[in-house]
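Q: Everything below, folded, please.
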Amino acid sequence: MTPLPAYDIVIAGHGSRDPQGVIEFENLVHLVRARANGRRVTHGFLEFARPTISEAVQENIASGSKRIAIVPGLLLAATHAKNDIPAEVRALQQAFPNVKLHYASALHLHPLILRLFREKIIESEARSDRLIRRSDSCLVIVGRGTTDPDANSEVSKLGRILEEGLGFGGSFVCYSGTARPLVAEGLKRAARLGFQRIIVAPFFLFTGILVKRIYAAVDELTPRRPETEFLKCDYLGIHDFLADTFLERAEEAFTGKSMANCSLCKYRVSIVGYENDVGAPQRGHHFLGSGRQNAANESQTRIDFDGAKTHPIELESLNIIRAGRNWFSFPEPERDILQRLVHASGDFSVVDEVFISPGASAAGIEGLARRARIITDVTMVQSGLRRTLLQTLGIEVRCFVHDEETRLLAEAAGLTRSAAGIRRAWMSFGNDLIIAIGDAPTAVEEAIRLVDLHQWRPHLIIGLPVGFVGTEESKERLRRCLRVPRITNRGTRGGSPWAAAVVNALMIRFAKLKSSSCSSSSSSSA
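A: Predicted coordinates:
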């Protein structure tokens with residue numbers, strides 16, 4: 001076999017708010033370096049710690065590296081491994097075209113990781129003074145939890161492999177966040193299965209806030225279930241098996257054997273419930289972890305927040321609107337919304353039609369601060385939202401109206417597609433939403449029904465549909481719906497541009513507040 005040309009390695013980790021987790025990651029990098037046969041091994045983080053991935057790559061390049069394997073320091077391939085790190089790699093390759101950067105796959109369920117996980121389970125059993133058969137024990141594996149169903153399913157696959165391979169009476173999977181069931185609920189469900197022993201095994205590389213929360217959840221449940229023995233398994237930690245797996249992944253990047261979980265990847269194929277993610281652009285969002293992206297982000301903040309790149313015609317229009325009537329009777333957030341609606345409609349009289357419930361604008365801004373999803377009834381509203389602001393603020397927008405599942409739900413339940421899309425938002429995401437309706441009165445009616453009958457409490461409902469059939473009635477019912485913050489208007493006027501204008505006004509207001517806060521913090525630090 002022809003030997004591989006020389007290459008060096010960068011291990012790209014996520015980073016942690018817990019200093020102990022960062023130290024453990026760095027110690028594993030030291031172990032990889034010691035076993036790398038003289039290859040240069042550096043490391044970087046997406047966020048929460050330095051150096052950044054960009055800094056680690058540039059350190060290798062400055063030391064003479066011409067070929068670099070960038071290995072995700074991650075167990076499974078989800079958003080970080082599929083979007084965030086590749087976005088960094090792509091930008092670095094463009095910046096350094098004379099250096100060959102090869103991106104490796106995540107660790108996945110490598111046989112060495114399975115062996116290491118088995119060791120941790122056996123060690124936890126050995127620490128108990130009770131002798132209980134595996135057939136009377138349940139293994140609870142706690143994954144990180146992601147928005148990628150394929151990555152989440154790998155945790156379930158791990159549970160099944162270990163249940164059968166080690167002879168457990170059962171296994172159960174839960175997650176520390178994003179996916180369900182969450183840890184506390186998962187442990188309760190596992191306890192109800194009636195096993196004498198439950199072994200809780202975090203599928204994590206290192207310690208950190210989430211691992212400590214997992215152990216705390218076990219400690220909280222243990223005294224409530226005295227009939228069941230709970231054992232806390234160690235996370236994977238620093239081990240030769242992990243170091244060798246990283247080195248194998250780095251080599252695979254250059255031999256062409258690097259594998260990713262592509263067959264059921266939501267970005268490549270249409271997965272039930274994730275159809276809109278097919279072909280989504282590969283875009284990173286961890287700005288705080290990259291000096292390069294952070295600088296770009298700050299520049300974008302100035303562009304969008306201060307209006308430096310606002311089109312001259314729009315600026316002139318807004319100046320005319322501000323001078324066109326007395327606005328001093330309106331507080332600032334509501335003033336922004338009304339001025340944007342005048343701009344969208346071309347009519348000052350729209351101000352007299354609009355209803356903004358007390359605290360509605362503040363509720364919308366709070367939702368944006370929480371990165372609440374924005375749900376629209378039609379794609380025209382979605383298209384009217386400012387993309388640069390959405391990207392800068394990290395806000396996701398969803399419109400279900402054209403999804404196959406929406407069609408099936410609409411036909412089965414006798415709803416319009418717009419109304420079915422609103423119901424799907426309630427079913428899928430709960431309360432942490434901002435609803436922007438600009439076309440369909442039936443979507444407004446469905447939102448009100450869910451609020452009244454099912455205690456739905458989104459941060460804000462914007463109901464500004466246009467038309468003559470049911471439009472005035474739906475908006476009047478929304479105005480009288482006291483259980484939720486709302487923005488609507490009287491009459492038949494409205495439309496997608498109006499709904500988008502309200503959301504844009506809220507985003508611009510929040511962006512300005514955020515920018516001012518950052519500037520104040522910088523001044524204080526200085």
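Q: and residue 207, what does it touch?
A: If a contact means CB atoms under 8 Å, 6 or more residues apart in numbering, then residue 207 has 18, 20, 21, 24, 235 as its contacts. Yep, even glycine has a C-beta here, placed from its N, CA and C like the rest.
Q: The first one contacts residue 208, doesn't it?
A: Yes - between residue 18 and residue 208 there is a contact under CB atoms under 8 Å: 4.3 Å.
Q: In terms of neighbours, single out the busier of the two.
A: More neighbours surround residue 208 than the other of residue 18 and residue 208, with 24 against 18 (other CB atoms under 10 Å).
Q: So for the more buried one, what's the nearest residue that isn't a sequence neighbour?
A: residue 21 (3.8 Å; CB to CB, 6 or more residues apart in numbering).
Q: Secondary structure of that neighbour: a helix, I assume?
A: Yes - applying DSSP: H, G, I helix; E, B strand; the rest coil, one finds residue 21 inside a helix.
Q: Correct me if wrong: it contacts residue 204.
A: No - using CB under 8 Å, residue 21 makes no contact with residue 204, being 9.0 Å away.
Q: Between the two, which contacts overlap?
A: residue 211.
Q: More neighbours: which of those two?
A: The neighbour comparison of residue 21 against residue 204 (other CB under 10 Å) goes to residue 21, with 25 against 20.
Q: Confidence-wise, which helix or strand of the protein is lowest on average?
A: Counting by mean pLDDT, DSSP states H and E, the weakest-scoring helix or strand in the chain turns out to be helix 291-306, with a mean of 41.
Q: Who are the contact partners of the residue nearest the centre of the chain?
A: Taking CA atoms, centre = their mean as the criterion, residue 147 is the residue nearest the geometric centre of the chain, at 6.6 Å. Neighbour list for residue 147: 78, 79, 178 [criterion: CB under 8 Å, 6+ apart].
Q: Domains in this protein, by residue range?
A: Following automatic domain parsing, one gets these domains for the chain: 111-232, 311-518.
Q: Select, out of these, the one closest to residue 92.
A: domain 311-518 (20.0 Å; CB to CB).
Q: Show me how far that closest one is from its chain's centre.
A: Offset of domain 311-518 from its chain centre (CA atoms, centre = their mean, to the nearest Å): 22 Å.
Q: any idea of the mean pLDDT for that domain?
A: For domain 311-518, mean pLDDT is 93.
Q: what about residue 141, helix or strand, and which?
A: strand 137-143 (DSSP states H and E).
Q: before we move on, what about residue 12?
A: Residue 12 is located in strand 8-13, with elements delineated by DSSP H and E.
Q: circling back: in helices, which of the contacts of residue 147 fall?
A: Of those, the ones assigned to helices by DSSP state H are residue 79.
Q: residue contacts, residue 410?
A: Contacts of residue 410 by CB under 8 Å, 6+ apart are 416, 417, 419, 420.
Q: try 6 Å this time
A: 417, 420 (CB atoms under 6 Å, 6 or more residues apart in numbering).
Q: That one in helix, strand or coil?
A: Secondary structure, three-state DSSP: residue 410 is helix.
Q: For residue 31, see how far away it is.
A: Distance, residue 410 to residue 31, using CB to CB, to the nearest Å: 56 Å.
Q: and if you look at residue 79?
A: Note on residue 79: its distance to residue 31, by CB to CB, is 27 Å.
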